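Undergrad: sequence plus the predicted model coming up.
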Protein chains: 2
Amino acid sequence: MKADAKPGLRNEAGLRALLPELSARFGGRLQTGEAVRAHHAHTTTYLPAQLPDGVVFVESREDVIDAVRLAARHGVPLVPFGTGSSLEGQVNAPSGGISLDFSGMARVLSVSPGDLDCTVEPGITREALNVALRDTGLFFPIDPGANASIGGMVSTRASGTNAVRYGTMKDNVLSLTVVTADGEEIRTARRARKSSAGYDMTRLFVGAEGTLGIITSVTLRLQGIPEVIAGGVCQFEDLEAACNAVMTTIQLGIPVARIELLDPVQIRACNLYSGLAHAELPTLFVEFHGSKASVDLQSAEFSAIVTEFGGSPFEWTVDAAERARLWKARHNAYWAARALAPHLDAVSTDVCVPISRLADCVSQTRADIAEHGFLAPIVGHAGDGNFHVLLLFDGKSAEEVERAEAFLLRLNDRALAMDGTCTGEHGIGQGKKSFLAAELGGTVDLMRQVKQALDPEGIFNPGKIF
Amino acid sequence: MKADAKPGLRNEAGLRALLPELSARFGGRLQTGEAVRAHHAHTTTYLPAQLPDGVVFVESREDVIDAVRLAARHGVPLVPFGTGSSLEGQVNAPSGGISLDFSGMARVLSVSPGDLDCTVEPGITREALNVALRDTGLFFPIDPGANASIGGMVSTRASGTNAVRYGTMKDNVLSLTVVTADGEEIRTARRARKSSAGYDMTRLFVGAEGTLGIITSVTLRLQGIPEVIAGGVCQFEDLEAACNAVMTTIQLGIPVARIELLDPVQIRACNLYSGLAHAELPTLFVEFHGSKASVDLQSAEFSAIVTEFGGSPFEWTVDAAERARLWKARHNAYWAARALAPHLDAVSTDVCVPISRLADCVSQTRADIAEHGFLAPIVGHAGDGNFHVLLLFDGKSAEEVERAEAFLLRLNDRALAMDGTCTGEHGIGQGKKSFLAAELGGTVDLMRQVKQALDPEGIFNPGKIF
C-alpha cells in the first residue's frame, strides 16, 4: 500500500514560474504557509501526508478557469479539495502542485422544486445543502457519513447508508460543469431527467477523483422530504439469517431507505460506548420513508421477513426521539469502535460484493480478524453488499502496519474472488491502485487512454487511480 | 436531417482484402446477398438506407474478437446489429463495411436470483429474456416498446414506459464485456451492485451506439416480479392539470411504475382504432407494482392527487383482463396513430425536458402541429418529461419532407430552450447529429477525444453520433 503513495516527479521549474503568477492573480487567496498546506494534504489513513506547494482559495468559476490555464501553461498539478474527508489519499499531492480549496465556492445557484433538482457549487457540504433546501420540502438523500462536499462526493462516486433506496452519486447527478485541460468550461448534460444524447460524460466525471477536469457546478436530483420516517432494529442468531432477511427485502421490492448491518464486535463496542444492552449478535438497523400508511405497511412486511428468518421481534417507531434511541448504536458506531482502543490508529476500509456473498465475505473476514488477533468491528450497508472494516492497529509499529496491510490485501482478494469490487464507495485514490489492476485488468488500460486523451499533460490530480 | 446521413468515404481496398478473409473464417455465416444486406440497413425513419457490404452472423465471443481483428487490420467499419428497431439510423452503413448480426448470440449465460442479476449475450431480446427468467420470479423491467435486443438497448441507452420507477439502461447495466479496437475483450466492472473503482467504463459504453467497441455480454440488474400489478386511467381538462398531477406524484415519492400521457389527438386515434369511447382529453395511464396492500395504497394516494387537480375519477383495477381493457388505448397507441392515415409515412421523434416544462413543451408543440396542419399524435413518458410526436407525412413528397424536417428542428429547438435534450431514449444515430452539437457544444469535442482515443482508426460504427 505505501508503495502506491510514493512521491511523483516534481516540476520545480514550472512551480517557480507559476507561484508568482498565481500570487498576482489571487493575492492573499494563494497561501503557501506550511500549516495551510499540511491541512490540505490531510489524510484519514496511514498514508503519508504529501503537501501541495500552495493552496488557492477559489471563489468563482472564473477563478477555476484561470487557475487551470495558469497551471496548464506551466505543467503544474492541481489537486481539488472539498473538506478533506476522503479516505484513500485523494487530496495528497505526491508530485507537489497547487491545492484548489472549494470552501469559498459553496453557493446554491438554483433550486427547481417542480423538477426536483438544484444546481450548486462543488464546495457546499451535504449538510449545508440540506439546510438550504429545508423550506422547499426537498432534500438531497446521499449520506456518506462524513459531512463531505458535494464536489468531493461526485468525484469519489460516494454513497452511504441510504444508497439502497436512492442510489449513489452516479444516480443522482444530472449534469456537471467542468473546466477541462484546455481551460474551457463545458457542461456535460442538460437538466432533463434522462437523455440518450451521445456519450455519458456526466458519469465519466462522476468517480474520476478530479483526474479529468475540475468541477465548477453540480446539478443534483432531489427527493421530497418523507412525510414520515420509521426506524427500527432487529437481531439474528447468525450472519446468514441477517443477510437472507436483507436479500428477501430487496427481492420483494420493499423500498427500504436504509438497512445497516452491525457485527457482534461492533455491537459490543456500541453497548460499551453508549450504555446500551443489545445482545452481541448480528443486528440490522432499518429505516423506511413515506406516508404514515406506507411506512406502516413497509414495517409490517419487513417484520414478517424478520420472523421468517428467526430474527428477534422487529422493534420500530415513527417517533423521532424514540427512533434516535433505537438507532443510537448505529449513529455512534464509528466513535464507539474507536473507543475500544483509543490509543490505536484506525483504517476504515471498504469492499462490496454481490449481495448473495455478503454473509460469506463478512464471516470469512471475521475469521481472519480472529485468527490474526485484530480488533476490527464491521459495519455494512447490507442492501448493497457493501461493508467496512474499521481496523484498529498501532501505526507507529512497522510490524503492525505490515500486518494491517497484509490483512487488507487478503480482504480485497476475498472480495474480488467473490466477483466484488475493492471499493464500493471510497474510491481508489492512492491506497487502492494495486487492487484496481487486480479487479479490472485490461480495462485499466482503457481508463488510461481516456486520461491521456482528456489530460495529456497530466495536470489533474496526478498519482490517483493510476 | 438528410445531410446527417450522407455517405462516408469507403475503404474499397480494405474491403476487397477483408471479404475473402471473413469468408475463410466464417464460411456461410458471411452473407453478401442484397436482400440480407438491405435487411441489415433497415431504418424505421425516412433516412435513406445505406447497405453494408456484408453481414457476419456471429455466434460467440471468439467470432466477435476475430471479426474485430480482421476488420481492424484492414480499416473496415463494423456496424453491430440487434433487431433493427433503432429509430435514428444507428444500423446504417454510410461508409459501407460489415454488419455484425447478433441474433445467434442470444443466450442467457447465468442468472443469480439471490443477487437479482443475470448475464446475457447481447442478441437476446427483452421479451425472450423475460420468458427465460419467468421461473425465477424475476424480470427485466426496461420496456422501450419494440422487442429490441439487449445489446441495442444498452447501446442507445434505451428506457421507455417504466423508466420512471426502474430507471433507464444506464441504471440497469452492472457490467459489460466489450471487444475493443485492439481486438482484446475487456470487462468494465465486477458484479457488485455499486463500485467506486476508477472511471465508470460501463456507463461510457452504455449509450455509445457501438462507436467505441463491440459488446459481447451484458450483466443486468433484475427485479422481483411484482406480486400484484394495478393499472388505471384518468382524464384531465387540460395538459397543465395532467402534468401537475404527474409532478405531485413524483414529488410525493409514490413509486408509480408507469405514468403515460396521451394527448387528445392520440386519444381520438385510439377511440377510432379500438372502438373505445374515451373523451378526447389529455389522459394518464398509470401502473403500480407491489403487494396487494401496497398497490391499494399507491392507487388511493394517486386517486387523491387526481381529484386535487380536477381529473376524472381514477378508474383502476388489479384484475389482469380488466387492466388490459383500461390500458387498451395505450397498448395500441402506435398502430392507432398509424391508422389515422395508413397511406402516409411516420417518423417517431423524441425529446425530453425538465418535468416542470412538460406541459409547456407539449402545448407549444400541439400549437405548432395545428398551425402547420400536421397530423401528429403525442405520447409521453410523463414521469420523466419525455415525449414522442408521431409525425405522419408523405415521404414521397420533397416538400412534405422539408416541412417535416422544419417541424423537427423547431421541436428540438423548443426542447433545448427549456434546458431539455434532443433525445430522451432514441439516441443520436445519424438523425440527430446537428441537434447534439446545439445541445452540448464543446462537450461534443470531448466526446470526439474519447472516440479518437478508443477507436483511433474509426472502425466502430462510423458516421453515428458525430
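TA: Done, it's in.
Undergrad: give me the residue from the stretch 201-350 of chain A nearest chain B.
TA: Here the stretch 201-350 of chain A gets closest to chain B at one residue, A:Arg203, 3.6 Å apart by C-beta to the nearest C-beta. For every residue, glycine as well, the C-beta is placed using N, CA and C.
Undergrad: near that residue, how many other residues are there?
TA: Neighbour count for A:Arg203, taken as other C-beta atoms under 10 Å in any protein chain shown: 26.
Undergrad: identify each buried residue in the helix or strand where it lies, please.
TA: In the assignment (DSSP states H and E), A:Arg203 maps to helix A:201-205. Buried residues in helix A:201-205, counting neighbours by 16 or more other C-beta atoms under 10 Å in any protein chain shown, are found at A:201-205.
Undergrad: for A:Gly442, state which of those is nearest.
TA: Of all those, A:Leu204 has the smallest distance to A:Gly442: 18.5 Å, by C-beta to C-beta.
Undergrad: the helix holding A:Arg203: what's the following helix or strand?
TA: Next element after helix A:201-205 (DSSP H and E): strand A:214-221.
Undergrad: do that following strand and chain B meet?
TA: No: Strand A:214-221 lies apart from chain B when judged by C-beta under 8 Å from any C-beta of the partner chain; the minimum separation is 9.6 Å.
Undergrad: now do that strand: everything it contacts.
TA: A:61, A:64, A:67-68, A:78, A:80, A:100, A:105, A:109, A:116-122, A:140, A:150-151, A:154-155, A:171-179, A:185, A:191, A:193, A:205, A:460 (C-beta atoms under 8 Å, 6 or more residues apart in numbering or on different chains).
Undergrad: tell me which of those residues fall in strands.
TA: A:78, A:80, A:100, A:109, A:117-120, A:173-179, A:185 (DSSP state E).
Undergrad: any stretches of the stretch 101-250 of chain A with poor pLDDT?
TA: Under the criterion pLDDT under 70, no range of the stretch 101-250 of chain A is flagged.
Undergrad: could you pull out the helices for it?
TA: If DSSP state H, counting those that start in this stretch is used as the criterion, the helices of the stretch 101-250 of chain A fall at A:126-133, A:150-156, A:163-166, A:169-172, A:201-205, A:239-251.
Undergrad: I'd like these as CSV, with distance to A:Phe387 appended.
TA: As requested, the helices of the stretch 101-250 of chain A are exported to CSV (distance: least, C-beta to C-beta, whole Å):
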stretch, distance to A:Phe387
helix A:126-133, 22
helix A:150-156, 17
helix A:163-166, 13
helix A:169-172, 19
helix A:201-205, 25
helix A:239-251, 11
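Undergrad: point out the most buried one among those helices.
TA: Stretch with highest mean neighbour count among the helices of the stretch 101-250 of chain A: helix A:150-156 (a mean of 30; mean count of other C-beta atoms under 10 Å in any protein chain shown).
Undergrad: helices or strands next to that helix in the packing?
TA: Judged by 3 or more C-beta pairs under 8 Å, 6 or more residues apart in numbering or on different chains; DSSP states H and E, the packing partners of helix A:150-156 are strand A:78-81, helix A:126-133, helix A:169-172, strand A:214-221.
Undergrad: let's see it at 7 Å
TA: helix A:126-133, strand A:214-221 (3 or more C-beta pairs under 7 Å, 6 or more residues apart in numbering or on different chains; DSSP states H and E).
Undergrad: could you find the closest non-adjacent residue to the residue in the stretch 251-400 of chain A positioned nearest to chain B?
TA: Residue nearest to chain B within the stretch 251-400 of chain A (C-beta to the nearest C-beta): A:Ser356, separated by 3.3 Å. Distances taken as C-beta to C-beta, 6 or more residues apart in numbering or on different chains put B:Gly114 closest to A:Ser356, at 3.3 Å, once the chain neighbours are dropped.
Undergrad: how about the residues of the stretch 101-250 of chain A by chain B?
TA: A:112, A:114-116, A:156-157, A:159, A:163, A:168, A:170-171, A:180, A:184, A:186-188, A:190-201, A:203-204, A:206-208, A:223-224, A:226, A:247, A:250 (C-beta under 7 Å from any C-beta of the partner chain).
Undergrad: who's in contact with the most centrally placed residue in chain A?
TA: Compute the mean C-alpha point of chain A, and by C-alpha atoms, centre = their mean the closest residue is A:Ala158, 3.7 Å away. Contact analysis of A:Ala158 by C-beta atoms under 7 Å, 6 or more residues apart in numbering or on different chains lists A:142, A:144, A:148, A:168-169, A:425.
Undergrad: tabulate those in TSV, adding columns for distance to A:Gln364.
TA: Below are these laid out as TSV (distance: C-beta to C-beta, whole Å):
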residue	distance to A:Gln364
A:Ile142	30
A:Pro144	26
A:Ala148	30
A:Thr168	26
A:Met169	29
A:Glu425	21
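Undergrad: tell me the strands in the stretch 301-450 of chain A, going along the chain?
TA: Secondary structure of the stretch 301-450 of chain A (DSSP state E, counting those that start in this stretch): strands at A:315-317, A:345-352, A:378-381, A:386-393.
Undergrad: tell me how many other residues crowd A:Cys352.
TA: A:Cys352 has 30 nearby residues by other C-beta under 10 Å.
Undergrad: just grab the bridge partners of it for me.
TA: With DSSP bridges as the criterion, A:Cys352 is bridged to A:Asn386, A:Thr421.
Undergrad: for stretch A:250-257, C-alpha coordinates in CSV please.
TA: What follows is stretch A:250-257, C-alpha atoms only, in CSV (Å, rounded to 0.1, in the frame of the first residue of the first chain):
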residue,chain,number,x,y,z
ILE,A,250,-34.7,-6.3,-1.7
GLN,A,251,-36.1,-9.1,-3.8
LEU,A,252,-39.7,-8.2,-2.7
GLY,A,253,-39.1,-4.7,-3.8
ILE,A,254,-39.8,-3.2,-0.3
PRO,A,255,-38.4,0.3,-0.7
VAL,A,256,-36.3,0.3,2.4
ALA,A,257,-34.4,3.5,2.8
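Undergrad: any idea how far it is from the chain center?
TA: From the chain centre to the centre of stretch A:250-257 is a distance of 23 Å (C-alpha atoms, centre = their mean, to the nearest Å).
Undergrad: and stretch A:224-237, how far from the chain's centre?
TA: The mean C-alpha position of stretch A:224-237 is separated from the chain mean by 22 Å, C-alpha atoms, centre = their mean.
Undergrad: try stretch A:46-56
TA: 20 Å.
Undergrad: and the contacts of that stretch?
TA: Under C-beta under 7 Å, 6+ apart, the answer for stretch A:46-56 is A:5, A:7, A:15, A:19, A:22, A:26, A:29-32, A:36-38, A:40-43, A:67, A:79, A:89, A:92-94, A:96-101, A:345, A:347, A:395, A:401, A:430-431.
Undergrad: any idea how far apart the tips of that stretch sit?
TA: Start-to-end span of stretch A:46-56 (C-alpha to C-alpha, to the nearest Å) is 26 Å.
Undergrad: same question for stretch A:135-150.
TA: Start-to-end, stretch A:135-150 (C-alpha to C-alpha) is 20 Å.
Undergrad: SS state for A:Glu260?
TA: strand (DSSP: H, G, I helix; E, B strand; the rest coil).
Undergrad: per-residue pLDDT, it?
TA: What the model reports for A:Glu260 is a pLDDT of 97.
Undergrad: swap in A:Pro48?
TA: At A:Pro48, pLDDT is 88.
Undergrad: tell me who's in contact with A:Val64.
TA: A:58, A:100, A:179, A:214, A:216.
Undergrad: roughly how far apart are it and chain B?
TA: Going from A:Val64 to chain B by C-beta to the nearest C-beta, to the nearest Å gives 16 Å.
Undergrad: same question, A:Val58
TA: 21 Å.
Undergrad: tell me how many other residues surround that residue.
TA: For A:Val58, the count of nearby residues is 27 (other C-beta under 10 Å).
Undergrad: can you give me the helices for the stretch 251-400 of chain A?
TA: Using DSSP H, counting those that start in this stretch, helices in the stretch 251-400 of chain A cover A:264-274, A:292-308, A:320-326, A:328-331, A:333-339, A:358-371, A:398-417.
Undergrad: nearest to B:Val256, out of the ones you listed?
TA: Going by C-beta to C-beta, the one of those nearest B:Val256 is helix A:292-308, 13.0 Å.
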